[in-house]
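A.B. asks: please find the sequence and the predicted model below.
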Amino acid sequence: MINFFDPSYEFLKFKKEYIKIFSKVINSKKYILDKETMNFEKNFAKFIGVKYAVGVNSATDGLTLALKVLNIDKGDEIITTPHTALATIAAIIDTGATPVLVDIETDTYCIDPDKIEKNINYKTKAIMPVHIYGHPANMSKIKNISKKYKIPIIEDCSQAFGSMINSQYVGSFGLLSVFSFYPTKNLGAIGDGGIIVTNSKKYSNLLRQIRQYGWNNKRVTKSKGANSRLDEIQAAILNYKLKHFKSMLSKKVKLVELYNENIKNYEIIKPKIQENYTHSYHLYVIRSKKRKKLINYLNSNQIQSSIHYKNDIVNDKIYKKFCRFNKNDLGNFLKLNKQFLSLPLNLNLKIKEIKFISSVINRFV
Ligand SMILES: Cc1ncc(COP(=O)(O)O)c(C=O)c1O
């Protein structure tokens, strides 16, 4: 069977180095918010091209904390996309605010900026675009709307570490931007982790405070807060992986290029990249109107695939009642969400495996 994803590959590849890192951290006797986290925060901010980065326990926490430092509360509305991981929506709801769902574009699958303005009202307190699968959302149009209405942008970059628009990394467009280090992500930890980046000293200080009970750096309580810290082991591992990230990403892009060259079936729509955008391929997602049949067919050929996302927010029994949306306005999402299918994309996939998967797909009718 060709597995959909196997996170152990990236760890086994660097196992020796990781064992050294574990011993170093264990011997340091400092396991939470110390040198490793500070170094990683500095390096990560530098990589993205922003001034500050604040490590947290997960991107879900990061999104909630980013909303909280902007004083988002019950009664407020946050404009976002229905086509995202449940985490984006759960983070907004956790603050008491209402996610307002805006339809997606048919080519990038990200929020359609031309449909944002009609959803803005006096309750709108932020726009939260998601760079889905690793394709950047249209940040130039979203920034214009943000300026026009003076509404801040919080980028959900959980799936898009390494994605760029005109050579500028995503995460550097919003007032606050959040990345996930969940093990399957482009920069994955051996466990949970996330980070919030910003150019604002004020918000980075507030975030440092509320990630740890509301303490300032002298452990004096200044506000309410949570416990959401990136631990030293994860930070050290991520710091090491960050150095290898560009070569890992270029390997992934080569695998994607092989898929793009080899899949030739008019039933299948391959991912498209907008001009001047760089995709980081957290996932390689095709579309098929005969998805169920295709999944079974791939399975019978020993190829795993996966759907992102099965738990569609507008039909989610628990979450849908906390959101504001009109199904009639979500035509693209409702149509395309039945067609998305993610193909295997491991760094350990062999050229012959990609060619095999492509040839199997080419025979699908
Ligand atoms: C778009 C998006 N937002 C948020 C998250 C939440 O990330 P985490 O698991 O680090 O909380 C994820 C992860 O699945 C995601 O894909």
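C.D. replies: It's in.
A.B. asks: isn't there a helix covering residue 243?
C.D. replies: Yes. Under the criterion used here (DSSP: H, G, I helix; E, B strand; the rest coil), residue 243 sits inside a helix.
A.B. asks: show the pLDDT at it.
C.D. replies: Per-residue pLDDT puts residue 243 at 96.
A.B. asks: before we move on, what about residue 10?
C.D. replies: The pLDDT attached to residue 10 in the predicted structure is 82.
A.B. asks: and the strands in the stretch 101-250 of the chain?
C.D. replies: Here the stretch 101-250 of the chain has its strands, by DSSP state E, counting those that start in this stretch, at 124-127, 154-156, 164-165, 168-169, 176-180, 194-198.
A.B. asks: which other residues reach the last one?
C.D. replies: When contacts are defined by CB atoms under 8 Å, 6 or more residues apart in numbering, strand 194-198 is touched by residues 41, 44-45, 48, 50-62, 65-66, 158, 171-172, 175-181, 204, 207, 230. To be clear about C-beta, it is placed using only N, CA and C from the backbone, and glycine gets the same treatment.
A.B. asks: make a PyMOL selection of the buried ones in the residues you listed.
C.D. replies: Only the buried members of the contacts of strand 194-198 end up in this PyMOL selection, burial being decided by 16 or more other CB atoms under 10 Å:
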select buried, resi 41+44+45+48+50+52+53+54+55+56+57+58+59+60+61+62+65+66+158+171+172+175+176+177+178+179+180+181+204+207+230
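A.B. asks: contacts for stretch 340-353 next, please.
C.D. replies: Counting by CB under 8 Å, 6+ apart, 2-6, 9-10, 109, 248, 251-252, 255-256, 258-259, 281, 283-288, 291, 294-295, 303-308, 357 sit against stretch 340-353.
A.B. asks: for it, buried residues please.
C.D. replies: For stretch 340-353, a neighbour-count test (16+ other CB under 10 Å) marks 340, 341, 342, 343, 344, 345, 346, 349, 353 as buried.
A.B. asks: which ones among those are found in helices?
C.D. replies: Using DSSP state H to define helices, the subset of the buried residues of stretch 340-353 located there is residue 353.
A.B. asks: if you look at the buried residues of stretch 340-353, which of them are in strands?
C.D. replies: 340, 341, 342, 343 (DSSP state E).
A.B. asks: ok, so of these, who is nearest the ligand?
C.D. replies: Within the set of these, residue 342 lies nearest the ligand; the separation is 12.1 Å, counting by CB to the nearest ligand atom.
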